[in-house]
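Peer 1: Structure of the sequence below:
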Amino acid sequence: MFGALSKAVGSVCSRQGQAAVTGLGSVTGHQVRRAGHAENTNTFIREALAVLDLPPAMEKIVITPQREMTVELIINRDDGKPESFMGYRVQHDNARGPFKGGLRFHKDADLDDVRSLASLMSFKTALLDVPFGGAKGGITVDTKALSEHEIEKLTRKFVQIFDEYSKFEGYSPGVVTGKPTWLHGSHGRESATGRGTVFGIKNMLQAFGEGPPADKTFAIQGFGNVGAWAGRLLAEQGGIVKAVSDASGCVYDDGPSGIDVPKLLRHLHRGDDLSKYPHGQQLLRDEIFDVKCDVFVPAALGGVITDPVARKISCKYIVEAANGPTTPSADLILRDRGIPVLPDIYTNAGGVTVSFLEWVQNLQNFKWTTEQVNDQLKTRMDEAFQSMWDSSQEHGVPLRTGAFTVSLRRVVRATVNRGFN
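Peer 2: The predicted structure follows:
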């Protein structure tokens, strides 16, 4: 059963605030390196803190992770030779509930990256009013170079998930989410982040008086799970997907109907690269930033919208389906250009929201239908957008700052009420 989980590990909920982490290493508290992705996230947090006029001491409390762990993971490869990998786990905040956050397997994963993602998860769950805190794990590894069996061994070495955890705590399917539907998983989880992105797009367009996604043009940077589901759902609702890109390249179609998304997905599901798609025009990967569209959706890695990109990008709106795709300085450029940005802590929160719904179903030992899950997701995305929009209007700030003010109020209230201050 575990092989199905190891490729796309879901989110780990720590029981009673303790991380389900194994391996050698040391736990350190209150040490933040002011650089990289984490500093970008902290810049946005500080901007919202200034709006709320909270006590200066609160900045350190809400920014500093509660615990950090770095571990060396040694496994025997399939050929019998040992190999070492570095793993990281950051527990950012649990004032609102148990630490919650998935595992990232990537060749560029490092402590700073994981620290940023853990922080974003804290404020993401707060914005969606999901009763969890924020955490994240990461392993520096190129999964393409490992077999499924090796990935499974590496995962087990790093963290106790489901069956490993159950050996010590009893049968506990809710300890990990993103499970297969036939093994206590939830319907709607695979599409949740992409579907939540589309709910966010619809809410944003409506708020700005643009109407539904039908006949709007879209460019999607990153066509993995999130980007592909967003593209598919937008196309089903009459949206025109003009361009998509991934690590292999970019496909562009300026025709009246744009890219035939179902046909493209069939091409990709056969194992063919996007760069070998025979329809439309092939562009260089980064040329997607030059595509004129109504809505640009970054759905890949963080830090892709830099100052040069922000100056040249030709769209009316940016919807951050990825975590941390826009740098703070680029964000200022977009503000000056009048391009609204739907922030990541709202846009891609569909995944953690349905993870929460999966956890609830596991506690009840009951499974909801896909329609019930999607309805619950829509309700929470709609309510979170309204809270973010109202705060943005109240304080006269961009949507990102509005989102963080809502989240910070909830995190700070929980922190004070629980006596953590």
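Peer 1: CA atoms for contacts and neighbours, from now on please.
Peer 2: OK.
Peer 1: Go ahead and confirm G239 touches K216.
Peer 2: Yes - if you go by Cα atoms under 8 Å, G239 and K216 touch, sitting 5.3 Å apart.
Peer 1: how does this protein divide into domains?
Peer 2: The chain breaks down into these domains under automatic domain parsing: 2-177, 192-347.
Peer 1: Surely R380 forms part of a helix?
Peer 2: Yes - using DSSP: H, G, I helix; E, B strand; the rest coil, the assignment for R380 is a helix.
Peer 1: what number of residues lie near the spatially closest residue to it that is not a sequence neighbour?
Peer 2: Nearest residue to R380 in three dimensions, chain neighbours excluded: L128, at 6.3 Å (Cα to Cα, 6 or more residues apart in numbering). As a burial measure, L128 scores 25 neighbours (other Cα atoms under 10 Å).
Peer 1: Going forward, count from 365.
Peer 2: Happy to do that; since the first residue is 365 now, the last one works out to L492.
Peer 1: show me the contacts for L492.
Peer 2: By Cα atoms under 8 Å, 6 or more residues apart in numbering, the contact set of L492 is Y710, A713, T717, R744, M745, E747, A748.
Peer 1: any idea how far the third one is from V737?
Peer 2: For T717, the distance to V737 equals 10 Å [Cα to Cα, to the nearest Å].
Peer 1: Tell me which of the two has more neighbours.
Peer 2: Set side by side, T717 and V737 show more neighbours around T717, with 26 against 21, by other Cα under 10 Å.
Peer 1: pretty sure A685 is touching N712, no?
Peer 2: Yes - in this structure, A685 is within contact of N712 by Cα under 8 Å, at 5.0 Å.
Peer 1: Next secondary structure after the longest strand along the chain?
Peer 2: The longest strand of the chain (DSSP state E) is strand 446-457. Tracing the chain C-terminally past strand 446-457 and defining elements by DSSP states H and E, one meets strand 464-470 next.
Peer 1: hmm, who's touching the longest strand of the chain?
Peer 2: Residues contacting strand 446-457 (Cα under 8 Å, 6+ apart): 383, 385, 426-441, 463, 474-475, 478-479, 482-483, 486, 497-505, 522.
Peer 1: cutoff 7 Å now
Peer 2: With contact meaning Cα atoms under 7 Å, 6 or more residues apart in numbering, strand 446-457 is reached by 428-441, 463, 475, 478-479, 482-483, 486, 497-505.
Peer 1: And the helices in the stretch 665-785 of the chain?
Peer 2: 671-676, 692-700, 708-711, 714-728, 734-759, 763-781 (DSSP state H, counting those that start in this stretch).
Peer 1: and the residue nearest to R744, what pLDDT?
Peer 2: The model reports L492 with a pLDDT of 97.
Peer 1: how far away is it from N406?
Peer 2: Distance of L492 to N406, computed by Cα to Cα: 20 Å.
Peer 1: Contacts only, for A490.
Peer 2: Residues in contact with A490 (Cα under 7 Å, 6+ apart) are S771, R774, V775.
Peer 1: buried set for stretch 576-589?
Peer 2: Judged by neighbour count (16 or more other Cα atoms under 10 Å), stretch 576-589 contains these buried residues: P576, P577, D579, K580, T581, F582, A583, I584, Q585, G586, F587, G588.
Peer 1: now that stretch: mean pLDDT?
Peer 2: Per-residue pLDDT over stretch 576-589 has a mean of 96.
Peer 1: contacting residues around it?
Peer 2: Contacts of stretch 576-589 (Cα under 7 Å, 6+ apart): 566, 569-570, 591, 598, 601-610, 652, 657-664.
Peer 1: Could you report the neighbour count for F572?
Peer 2: Count around F572 with other Cα under 10 Å applied: 9.
Peer 1: Please read the previous query as pertaining to K424.
Peer 2: Quick note: K424 (other Cα under 10 Å) scores 12 neighbours.
Peer 1: any idea of the pLDDT on it?
Peer 2: 90.
Peer 1: now swap in I525 and tell me
Peer 2: You'll see I525 listed with a pLDDT of 56.
Peer 1: next one: V776
Peer 2: At V776, pLDDT is 92.
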